[in-house]
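Engineer: after the sequence you'll find the predicted model.
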Number of protein chains: 2
Amino acid sequence: MLKKQLIMEKALELFSEQGFEATSVQQITERCGISKGAFYLSFKTKDELLISMVEYYLQQFVTDVDQVVRSSLSKDIILVEFYKSIFQAFKNHAASARVFFNEKVLLTKKELFQKIIAYDVEMSKSIIYMLEQLYQDELHETKYDVMYCIKGFMKSYSELFIFSDIPLDLDQLAKSLAEKTEIIARHTTIPFITEELVQLTAKPCNEELSQESLLGLIDQHLDGIEDTIERESLELLKYQVENPTYSKPILKGLIENIRLKRDYRWVAYVIAKYFNI
Amino acid sequence: MLKKQLIMEKALELFSEQGFEATSVQQITERCGISKGAFYLSFKTKDELLISMVEYYLQQFVTDVDQVVRSSLSKDIILVEFYKSIFQAFKNHAASARVFFNEKVLLTKKELFQKIIAYDVEMSKSIIYMLEQLYQDELHETKYDVMYCIKGFMKSYSELFIFSDIPLDLDQLAKSLAEKTEIIARHTTIPFITEELVQLTAKPCNEELSQESLLGLIDQHLDGIEDTIERESLELLKYQVENPTYSKPILKGLIENIRLKRDYRWVAYVIAKYFNI
DNA sequence: TATACTAATGACTAATCGGTCATTTGTCAA
DNA sequence: TTGACAAATGACCGATTAGTCATTAGTATA
């Protein structure tokens, strides 16, 4: 488990420097100080490493954003906090951003393409949720356009973090973009993105979350957990997935216990979705 | 000369399908119906092909945009025409857009990285020119932010063309984005992107920091400074660059004085780098 | 037809790739 | 100290790569 982490970290460095195709397994193992054979004990193929990395780093990003959006911050600061967290993430994980937001290869491998679209859809859902909280019915026609604008702001301004290390005032940036978002939301009258269009671009990943796949995901995470509270919480939740009896507050509490552990935020996120929390 | 064209076209198809690294010269020559040797009569290496392609296709794109911007269209339709031409280009050249806006490899080869930045700078100049024509002095503070927003809109909405072939109403899209741009330009009050910042991103400053260039940078900033404390701090620092005598804590203090001024954070950052603080 | 020249070929090389597996090393209990 | 087992190694494999070059095909002139 620790070996996997090491490989993913060093591989991220190399991919961000050279790209995926241009980086050899040899180079990765050299930087890790392990042998080639050891690499293949952790990952069946080089592609499997890439898939694991996409899952690991994009899960982190999506859950980070969702956490801010679902937090009960007051309406007048939630946009600022949203942007602050986004760009804080870009600043802290510039390397992974470089890889996962610019690697063409990711999009030529179908399996990964679908995965990345799926995470993009999750991100879009979070943004839409935030907009609905902020503006309720005021936006019904232009909701998706505002979302596209927000994603555009992210893409455009994030280059400042990804391609240079100029020191930037995150607060000022967040305030500036929050204002722009507010302005767009309040004044836009000509919509272009329809719900139908969003559905079309999101197409391949509408699979419902099956109980089986969720149980599998939970089992996978139960393996590596040590702290008793978290372990028991997750076991209880697993049981609840099969036989739901607890009330929502209790479920939410158990999920929050899980969410505290760094690498378990994703499984928490998925369980919360399963119970509609 | 015609041969070169053929190779670039077929290579573009393959790069857009598989990416640059994953495409072999053999594949390119097969699709062209020529031999491997013939390829190397047109291009010395595979990299040279890529460089030629970047130049060819990005030049086309940049000049297309500039032509619209410099045309003497009336103010009330120029934004719509601008967006229409942009997305028409994305629609017609989805393949090259896929390659040149998403290929990570381009950014790992230094020569290409600089070239792409240079074209991006040209594009930025065109947009700024258009904004100046449209709004004259009304925008002086937020000009660069509006430019970043426009580029964000392009990035976000262009995905509709690049990753799917859904039939879209270009006129409606252009109108919608023109309105958004107008709204942003008219209402934004909190700027973030300064001219200084634009300059910095235009010149990737990986080069070692020479004493001379630093002194030049300081002189440049001394011109516009008024507050006596900041001014004296910067003058002292300039003297220290030539004759270092102060201790690090004193230098750090002086640098922090500078950093307080909004547009001087970069020079503070550079001086700190110079003194290893 | 003979000559001279360029354009085009594809078998070839040396290097590197992802991936395998017989072997060695390290770590336990007995 | 021994033996059993898992972890780790790196030489090795077949496949593929970018790039070369002796050879051939095509063409224009004499």
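Structural biologist: Right, received. Where do you want to start? Numbers count the residues shown, from 1 in each chain, chains lettered A, B, ... in the order given.
Engineer: how about stretch A:39-49, does it reach DNA strand D?
Structural biologist: Yes - Stretch A:39-49 reaches DNA strand D (Cβ under 7 Å from any atom of the strand) through A:Y40, A:L41. Heads up, the C-betas are built off the backbone N, CA and C, glycines and all.
Engineer: now A:L73: closest residue in space, sequence neighbours ignored.
Structural biologist: Distances taken as Cβ to Cβ, 6 or more residues apart in numbering or on different chains put A:E81 closest to A:L73, at 5.6 Å, once the chain neighbours are dropped.
Engineer: how about the secondary structure of that neighbour?
Structural biologist: Following DSSP: H, G, I helix; E, B strand; the rest coil, A:E81 is assigned to helix.
Engineer: element containing A:L215?
Structural biologist: Assigned by DSSP states H and E, A:L215 belongs to helix A:211-223.
Engineer: does that helix reach DNA strand D?
Structural biologist: No - counting by Cβ under 7 Å from any atom of the strand, DNA strand D has no neighbours in helix A:211-223; the shortest distance is 13.5 Å.
Engineer: now do the next helix or strand after that helix: everything it contacts.
Structural biologist: Next in sequence after helix A:211-223, counting helices and strands by DSSP H and E, comes helix A:228-242. Contacts with helix A:228-242, where a contact means Cβ atoms under 8 Å, 6 or more residues apart in numbering or on different chains, come from A:211, A:214-215, A:218-219, A:221-222, A:225, A:246, A:251, A:254-255, A:257-258, A:260-261, A:264, A:267, A:271, A:274-275.
Engineer: quick check on the residues you listed: which are buried?
Structural biologist: The neighbour count (16 or more other Cβ atoms under 10 Å in any protein chain shown) marks A:214, A:218, A:221, A:225, A:246, A:251, A:254-255, A:257-258, A:261, A:264, A:267, A:271, A:274-275 as buried among the contacts of helix A:228-242.
Engineer: in the helix or strand harbouring A:E132, which residues are buried?
Structural biologist: Using DSSP H and E, A:E132 sits in helix A:110-135. By 16+ other Cβ under 10 Å, the buried positions in helix A:110-135 come out as A:112, A:115-128, A:130-131, A:134-135.
Engineer: do the same with stretch A:179-199
Structural biologist: Using 16+ other Cβ under 10 Å as the burial criterion, the residues of stretch A:179-199 that qualify are A:179-185, A:188, A:191-193, A:197-198.
Engineer: against A:F275, how distant is A:S247?
Structural biologist: 11 Å (Cβ to Cβ, to the nearest Å).
Engineer: not counting sequence-adjacent ones, nearest residue to A:Y148?
Structural biologist: With Cβ to Cβ, 6+ apart, the residue lying closest to A:Y148 is B:S156, at 4.9 Å.
Engineer: wait, isn't A:L168 in contact with A:E159?
Structural biologist: No - counting by Cβ atoms under 8 Å, A:L168 does not reach A:E159; the two are 11.5 Å apart.
Engineer: coming back round to it: neighbours of the residue nearest to A:L73, how many?
Structural biologist: A count of nearby residues for A:E81, using other Cβ atoms under 10 Å in any protein chain shown, gives 16.
Engineer: surely it and A:V68 touch.
Structural biologist: Yes - A:E81 lies in contact with A:V68 (Cβ under 8 Å); the separation is 5.6 Å.
Engineer: average pLDDT across whichever strand or helix holds A:I255?
Structural biologist: Under the criterion of DSSP H and E, A:I255 resides in helix A:248-259. When pLDDT is averaged along helix A:248-259, the result is 84.
Engineer: for that helix, which helices and strands make contact with it?
Structural biologist: Helices and strands touching helix A:248-259, by 3 or more Cβ pairs under 8 Å, 6 or more residues apart in numbering or on different chains; DSSP states H and E, are helix A:228-242, helix A:265-274.
Engineer: show residues contacting that helix.
Structural biologist: Helix A:248-259 has contacts (Cβ under 8 Å, 6+ apart) with A:67, A:229-230, A:233-234, A:236-237, A:240, A:246, A:264-265, A:267-269, A:271-272, A:275, A:277.
Engineer: can you name the residue of chain A nearest to DNA strand D?
Structural biologist: A:G37 (2.2 Å; Cβ to the nearest atom of the strand).
Engineer: which parts of the helix or strand that contains that residue are buried?
Structural biologist: Here A:G37 sits within helix A:36-42, counting by DSSP H and E. Within helix A:36-42, the residues that qualify as buried are A:F39, A:S42, counting by 16+ other Cβ under 10 Å.
Engineer: so the following helix or strand past that helix versus helix A:110-135, what angle?
Structural biologist: Counting by DSSP H and E, the next helix or strand C-terminal to helix A:36-42 is helix A:46-70. Put simply, helix A:46-70 runs at 0 degrees to helix A:110-135, going by axes from the mean of the first three to the mean of the last three Cα atoms, to 10 degrees.
Engineer: what's helix A:46-70 in contact with?
Structural biologist: With contact meaning Cβ under 8 Å, 6+ apart, helix A:46-70 is reached by A:4, A:7-8, A:11-12, A:15, A:20, A:25, A:28, A:43, A:78, A:81-82, A:85-86, A:89, A:93, A:96, A:99-100, A:105-106, A:109, A:111-112, A:115-116, A:119, A:122-123, A:126-127, A:129-130, A:259, A:265-266, A:268-269.
Engineer: same deal with stretch A:188-207?
Structural biologist: Contacts of stretch A:188-207 (Cβ under 8 Å, 6+ apart): A:114, A:117-118, A:121, A:124, A:141-142, A:144-148, B:157, B:159-160, B:163-164, B:166, B:172-173, B:175-177, B:179-180, B:183.
Engineer: at 7 Å instead, please
Structural biologist: Contact partners of stretch A:188-207, identified using Cβ atoms under 7 Å, 6 or more residues apart in numbering or on different chains, comprise A:114, A:117-118, A:121, A:141-142, A:144-146, A:148, B:164, B:166, B:172-173, B:175-176, B:179-180, B:183.
Engineer: same check, this time on stretch A:119-135
Structural biologist: So stretch A:119-135 is contacted by A:58, A:62, A:65-66, A:69, A:75, A:78, A:82, A:139, A:143, A:146-147, A:150, A:185, A:202, A:205 (Cβ under 7 Å, 6+ apart).
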